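Novice: build me a model:
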Amino acid sequence: MKEFFSHTRLFLFFIFIAIGNNCTSQDYEDSLSDKSGIENAINLYHRFLSPEPGLYNGPEYAYNQYYPFIINEGDPFFLSKIFNDGSVYYDGVLYKNVSLNFDIIKNEILINDPAHTHIIKLNTERIEWFTILDHTFVRLSADSSNNVLNKNRFYEILYKSNTSLYKSEVKTIKENTASALGLNRYVQESDDYFIKKDNQFFKVKNKKTALLALKDRKKDILQFMHRNKLKIKKDKDNDLRKIVAYYDEIKNNSNNKSE
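Specialist: Residues are numbered from 1 along each chain as shown. Just a heads-up that it's a prediction; the model follows:
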């Protein structure tokens, strides 16, 4: 333990030197705009601590304990059963190039331990956001104003600005006895969408609920949907993203004119 703290003090001293050299070798304003020296020092810090003690210290994820049966169709994970490179903002620290997976059913973010001998589940409440397969997820707390959101679940960001759009993929294990081999278990999938406007969340299921959430610009939204043939049926992700972005645009234009 003493050796660890000794190395840590030495490393922090090195970082201070690196940052100091970066600041003194250029003008003060330039040093504010160019953070590459600090970023390089932080990256070096992560490599120095590898494997990161702050990340690889969670409980083990035991798939057979969660799912002690055969799932005949589908799986609990986001897009892929295998682990993929991603990033996670965990306990106030950003970790890049981490091997991640996302168990949607259990709402668990999983990482491989450095030796790849077992899987670790991260503490959900310490995760602010994470990315995997070019998708970004954020942990949102329950909405006390209208109880639309589920507590501490992860929501994919489809659009984020003054008005934002989030998606929650839902997976549930169902079973039936239609199979000749006996009990058949399968994963049923569905998606929930939420618009955040004026600090309030609105659940969106269809055209009617989308217009209700954006009712202050309902006429403009209807015209926009008609021009672009948006139905909010087959491709909800892109249709809703376009609608929310357009709403944001006309709201911003209106606000700028009034100033």
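Novice: now do the one helix or strand Ser190 maps to: everything it contacts.
Specialist: Ser190 belongs to strand 182-197 when elements are defined using DSSP states H and E. Contact with strand 182-197 is made by 69-76, 105, 148-149, 155, 158, 163-178, 201-205, 210, 213-214, 236, 240, 244, as judged by C-beta atoms under 8 Å, 6 or more residues apart in numbering. From N, CA and C alone the C-beta is placed, and that goes for glycine too.
Novice: go on, stretch 89-102?
Specialist: Where contact means C-beta under 8 Å, 6+ apart, the residues beyond stretch 89-102 that reach it are 46, 52, 54-55, 77-78, 80-88, 108-112, 119, 122, 126-130, 132, 137, 154.
Novice: ranges for the helices of the chain?
Specialist: Applying DSSP state H to the chain gives helices spanning 2-24, 28-33, 36-49, 63-66, 207-213, 218-228, 236-258.
Novice: if you average pLDDT over each of those, which is lowest?
Specialist: The minimum mean pLDDT among the helices of the chain belongs to helix 28-33 (a mean of 43).
Novice: could you flag which of the contacts of stretch 89-102 are buried?
Specialist: The neighbour-count test (16 or more other C-beta atoms under 10 Å) marks 52, 55, 77-78, 83-84, 86-88, 108-112, 119, 122, 126-127, 129-130, 132, 137, 154 as buried among the contacts of stretch 89-102.
Novice: now, which of these lie within strands?
Specialist: Assigned to strands by DSSP state E, the following of those qualify: 84, 86-88, 108-112, 119, 127, 129-130, 132, 137, 154.
Novice: give me the pLDDT value at Ser144.
Specialist: pLDDT at Ser144 comes out at 58.
Novice: an error on my part: the question was meant for Gly58.
Specialist: Note for Gly58: predicted pLDDT of 84.
Novice: number of nearby residues for the nearest residue to it once chain neighbours are set aside?
Specialist: For Gly58, ignoring the flanking residues on the chain, the nearest one in space by C-beta to C-beta, 6 or more residues apart in numbering is Ile120 at 4.6 Å. When neighbours are defined as other C-beta atoms under 10 Å, Ile120 has 17 of them.
Novice: identify the residues contacting Ile120.
Specialist: Counting by C-beta under 8 Å, 6+ apart, Ile120 touches 56-61, 110-113.
Novice: can you give the domain ranges for this structure?
Specialist: Domain segmentation of the chain under automatic domain parsing yields 2-27+34-49, 52-133, 159-254.
Novice: re earlier: can you turn the buried part of the contacts of strand 182-197 into a PyMOL selection?
Specialist: Selection of buried members from the contacts of strand 182-197 for PyMOL, criterion 16+ other C-beta under 10 Å:
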select buried, resi 76+148+149+155+158+163+164+165+166+167+168+169+171+201+202+204+210+213+214+236+240+244
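Novice: which of the contacts of strand 182-197 fall within strands?
Specialist: Among the contacts of strand 182-197, the members falling in strands are 155, 158, 164-178, 201-204 (criterion: DSSP E).
Novice: any buried residues in stretch 177-194, and which?
Specialist: Residues 184-185, 187, 192-194 are the ones in stretch 177-194 that count as buried (16+ other C-beta under 10 Å).
Novice: which of those residues lies closest to Asn252?
Specialist: Nearest to Asn252 out of the buried residues of stretch 177-194 is Phe194 (C-beta to C-beta; 20.9 Å).
Novice: skipping adjacent residues, who's closest to the closest one in space?
Specialist: Nearest non-adjacent residue to Phe194, counting by C-beta to C-beta, 6+ apart: Tyr166, 4.6 Å away.
Novice: which ones are touching the one you found?
Specialist: Neighbour list for Tyr166: 138, 140, 155-158, 193-196 [criterion: C-beta under 8 Å, 6+ apart].
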